[in-house]
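Engineer: requesting a structural model of the entry that follows:
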Amino acid sequence: MSAPTDTDDHAMLVQFLHDRDVECPVCKYNLRMLTSPRCPECGRELRLTVGTLEPFMRAWIALCIVTWASAGIGVLFGCAIARDGGNVFYSWTDFVPGLYFLSCIPLGIAITALRRRLLKLARPIQWTLAGVLAALDIAAMYVLTARP
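Structural biologist: This is a model prediction of the structure:
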């Protein structure tokens, strides 16, 4: 069995794009009826490759770690409330972070349940969500632990 040549690869690419609406990955130009392995709009060389069906999950995993870690603190707050009632919160500096950590429990469940929808979002949006929740976690921990 001989190795495929560049000509074979180019022919397969042209054949693949003949009757499909596929966008150029650089300029988003529709490549239907392509006759050469270059985008007619931006001039970039194109190549037919194999990719994964599952998107990159790093941002979603980071979002889960941040949310579920906070949810764990929320569970501790919930146990303290169940044990001591409202005496757990001595001031708003205890109440606001406690409420945030408690709210991370249903948020973690929602993020886990909506995984496929979150993975369809653009990667910058996914990373922004993870970053915002991480910043909120840091702020809540700072308010909770900072004592005059």
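
Engineer: distance of Ser70 relative to Asp94?
Structural biologist: As judged by Cβ to Cβ, to the nearest Å, Ser70 and Asp94 stand 16 Å apart. (Each C-beta comes from the backbone N, C-alpha and C, glycine too.)

Engineer: those two - which one has more neighbours?
Structural biologist: Ser70 (25 against 14; other Cβ atoms under 10 Å).

Engineer: in which helix or strand does the more buried one reside?
Structural biologist: helix 58-84 (DSSP states H and E).

Engineer: what's the average pLDDT for that helix?
Structural biologist: Mean pLDDT, helix 58-84: 91.

Engineer: what's the following helix or strand after it?
Structural biologist: helix 92-113.

Engineer: what is that following helix packed up against?
Structural biologist: helix 58-84, helix 123-145 (3 or more Cβ pairs under 8 Å, 6 or more residues apart in numbering; DSSP states H and E).

Engineer: ok, Ala71 - how many residues close by?
Structural biologist: 22.

Engineer: list the contacts of it.
Structural biologist: By Cβ atoms under 8 Å, 6 or more residues apart in numbering, the contact set of Ala71 is Phe101, Cys104, Ile105, Leu107, Gly108.

Engineer: one more time with 10 Å, if that's ok
Structural biologist: Cys64, Gly78, Phe101, Leu102, Ser103, Cys104, Ile105, Pro106, Leu107, Gly108, Ile109, Ile111 (Cβ atoms under 10 Å, 6 or more residues apart in numbering).

Engineer: same check on Val143?
Structural biologist: Applying Cβ under 10 Å, 6+ apart, the residues near Val143 are Trp92, Thr93, Asp94, Val96, Pro97, Tyr100.

Engineer: could you check how far the first one is from Leu144?
Structural biologist: It stands for Trp92. In terms of Cβ to Cβ, Trp92 sits 11 Å off from Leu144.

Engineer: then the second one?
Structural biologist: Using Cβ to Cβ, we find Thr93 at a distance of 7 Å from Leu144.

Engineer: what does the last one give?
Structural biologist: Look at Tyr100 and Leu144: by Cβ to Cβ, they are 9 Å apart.
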